[in-house]
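Novice: Return atomic coordinates for the entry below.
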Amino acid sequence: MEASFIFLKERKKMEEKKTFYITTPIYYPSSDLHIGHTYTTVAADTIKRFKKLTGYDAYMLTGTDEHGQKIQKVAEEAGVTPQAYVDDVVSRIKKLWQLMDIDYDQFIRTTDPDHEKTIQRIFRKLYDQGDIYKGKYEGWYCTPCESFWTETQLADGKCPDCGRPVEKASEEAYFFKMSKYADRLLEYIEAHPDFIQPESRKNEMINNFIKPGLQDLCVSRTSFTWGVPVDFDPGHVVYVWIDALPNYLSALGYLNDKPQLMDKYWPANVHMVGKDIIRFHTIYWPIILMALDLPLPKRVYGHGWILLKGGKMSKSVGNVVDPVELAEKYGVDALRYHVLREMTYGADGIYNEDLLISHINSDLANDLGNLLSRTVAMTVKYFDGVIPTEREAGDFDADLKQLAEATPAEVEAYVDKLDLSRALESIWKLVSRTNKYIDETEPWVLIKDEGKKARLAQVMYNLTESLRIISVLVTPFMPSTGRQIADELKVPQDKRTWESIQHFGGYPEGVQVERCEPLFPRIEVKKETAAAPAKEKKQDKGDKKQAADVPEGLITIDDFAKVKLKVAEVVDCKPHPDADRLLVFKLNLGKEERQVVSGIAKYYAPEDLIGKKVVVCTNLKPVTLRGVESNGMILSAIKGKKLSVITVEGIPAGGEVR
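Specialist: Down below sits the predicted model:
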């Protein structure tokens, strides 16, 4: 761990420009944003804040993509101009980012005059150098996705991206020579393995799109007017991708009159995008940049979706989860923590309100909140709020100190990999270890012995110092929470820095603390006992008789159907940090990944199970076992002193067990 920390520091010293440019996609303002969009922006904000904390000049861009046929049509149906329509939606988007405590540096709109100037100059430049030519488009068009498709690309005659109907389109248009740059793009991707992340997205782009052959891209339209005009050919407006993608450049002043930031921030360090638009960011966008003779972004990260009941959230389906309602109900930092912790690297996450409440009650209220409350309360009770300077070291100190000093480097390494879930997991290992330290040292016992007061003082100092380090680490993820912990501990500003947490012992002497309110009040879940709907009351008499006839100790097929069993592949398995008999599994269930804790450490070494396909009960209520959340149960058979995990062969991960 120490070597990793030294490597990160030395690498930073060697960088000529300690700048960091991170972007989110510019969101389409045709509907309110849901919790999935919120994840992208919260993740980008967290990375930006972390980079600033660690000494970078970090710059974050977000915004809205406001042109296109869909916007024009929706505005006409609403009886307003397209500009009035997008102005109204953008105001709500900005309010959401303010609510979610998003610290962006610039909010760009594709209707901004400077952006339009950039687009017109890019279009002309590409046309003048022969990369854009005039032709006629004939094919299939999906209005919701604003995408053209060939006959062979359609899925059962519908859009392969959204599954909705397409319409035949024929119009004069300009085209961009994508095919000209296909070989160069493939060479670049293969020479820069970190350009597309995660690895699965890179393989998909290469095998499904680039190697089969790239078609030239339609980049203008004449069938609608709401867009950036092609200034040398009236009647044409620039089509979405040439208009939308260069926002990452126009925001920095490229070919317009804004402050020139290109030399400072370009190429972008990270484009954060959802996996549904990674094709446009890793094929269309780099080819546009190659044609403009500009460097490519260093990384494009296509994260998974937040799924609801096994499917993607969609306003048309009516299953959208409103982040404003959740933030107002549970708190902004609690929601930020939940979405960041649930979205494991590259995989889809599942939104479940019960799991959100579990995170609040377990991780935030019990683990972190109680740690702060207990530490402050004991300091006030035992020492009137001021920890004595006469202190005595003892058992368990070294272990806590070692983990506290190692955690910042580990968290930084995960953030550099864009694995924010694992970064939070690392912080919570320190939270759990600090809670365990209280149980090990038993301050309530030490206070009873006058000769142990120096030892008690050291215990209270170690707890407070650990919380100081934790407060700095959590601030990029949960800004208000980090500040509140530091404020309650009266930590001076110069001890809230990244440099100050590299070594244990930075909490100043003589600070007086006072009792504090809970960081996260527990959420009390009321058990609803409402009467069944009338149609359920009219149950078939035969069913009632069948239920009544079930002998004691047996269950019906309906009872058994409530248990959801699936095949899962063991991706990773590690010992529990605080329990010798427990193993912590990372499981792939096809469309999602889960963490499950199982008490089988006495029967299996962790490496014995990696790669195995096991059977998991997936609809158990999540529980926390010694500070680690478990979301499911691995099935095993046991007789006497022998236990064997149930495994299957020939069935892919996610398969149902019946």
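
Novice: just for the stretch 201-350 of the chain, where's the confidence low?
Specialist: 308-320 (pLDDT under 70).

Novice: Where do the strands of it begin and end?
Specialist: Residue ranges of the strands in the stretch 201-350 of the chain, as given by DSSP state E, counting those that start in this stretch, are 217-218, 220-221, 237-238, 270-274, 300-303, 306-308, 311-312, 349-350.

Novice: Next, format these as TSV and append distance to Q98 and mean neighbour count.
Specialist: Backbone N, C-alpha and C define where each C-beta goes, glycine included. Below are these laid out as TSV (distance: least, CB to CB, whole Å; neighbours: other CB atoms under 10 Å):
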stretch	distance to Q98	mean neighbour count
strand 217-218	36	22
strand 220-221	34	26
strand 237-238	31	22
strand 270-274	19	23
strand 300-303	23	25
strand 306-308	21	20
strand 311-312	27	13
strand 349-350	24	22
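
Novice: Need those strands in TSV (columns: distance to A169).
Specialist: TSV is the format used below for the strands of the stretch 201-350 of the chain (distance: least, CB to CB, whole Å):
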stretch	distance to A169
strand 217-218	9
strand 220-221	9
strand 237-238	15
strand 270-274	26
strand 300-303	28
strand 306-308	32
strand 311-312	26
strand 349-350	36
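
Novice: which one of those strands lies closest to R124?
Specialist: Smallest distance to R124 across those (CB to CB): 10.7 Å, for strand 237-238.

Novice: What is the closest one packed up against?
Specialist: Contact here means 3 or more CB pairs under 8 Å, 6 or more residues apart in numbering; DSSP states H and E; on that basis strand 237-238 packs against helix 113-128, strand 220-221.

Novice: mind listing the helices for the stretch 551-658 of the chain?
Specialist: For the stretch 551-658 of the chain, helices defined by DSSP state H, counting those that start in this stretch occupy the ranges 557-561, 606-609.

Novice: Select from these the stretch with the lowest mean pLDDT.
Specialist: Mean pLDDT is lowest for helix 557-561 out of the helices of the stretch 551-658 of the chain, coming in at a mean of 63.

Novice: Out of the strands of the stretch 201-350 of the chain, flag the one nearest Y39.
Specialist: strand 306-308 (5.8 Å).

Novice: how many neighbours does S373 have?
Specialist: Applying other CB atoms under 10 Å, we find 17 residues neighbouring S373.

Novice: Apologies, that question was intended for E77.
Specialist: 9.

Novice: before we move on, what about L583?
Specialist: With other CB under 10 Å as criterion, L583 counts 24.

Novice: Could you do K612 as well?
Specialist: Other residues near K612 number 15, with proximity taken as other CB under 10 Å.

Novice: What segments of the stretch 101-250 of the chain are helices?
Specialist: Using DSSP H, counting those that start in this stretch, helices in the stretch 101-250 of the chain cover 113-128, 182-191, 199-205, 240-244, 247-250.

Novice: For the longest one, buried residues please.
Specialist: So that's helix 113-128. D114, H115, E116, K117, T118, I119, Q120, R121, I122, F123, L126, Y127 (16 or more other CB atoms under 10 Å).

Novice: send the alpha carbons of that helix over as CSV?
Specialist: Extracted as CSV, the C-alpha positions of helix 113-128 are listed here (Å, rounded to 0.1, in the frame of the first residue of the first chain):
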residue,chain,number,x,y,z
PRO,A,113,-24.0,31.7,-29.8
ASP,A,114,-20.3,30.8,-29.2
HIS,A,115,-21.1,27.1,-29.6
GLU,A,116,-23.0,27.7,-32.9
LYS,A,117,-20.0,29.7,-34.2
THR,A,118,-17.7,26.7,-33.4
ILE,A,119,-20.0,24.3,-35.2
GLN,A,120,-20.3,26.4,-38.3
ARG,A,121,-16.5,26.8,-38.5
ILE,A,122,-15.9,23.1,-37.9
PHE,A,123,-18.4,22.2,-40.6
ARG,A,124,-16.8,24.5,-43.1
LYS,A,125,-13.3,23.3,-42.2
LEU,A,126,-14.3,19.7,-42.8
TYR,A,127,-16.1,20.6,-46.0
ASP,A,128,-13.2,22.6,-47.4
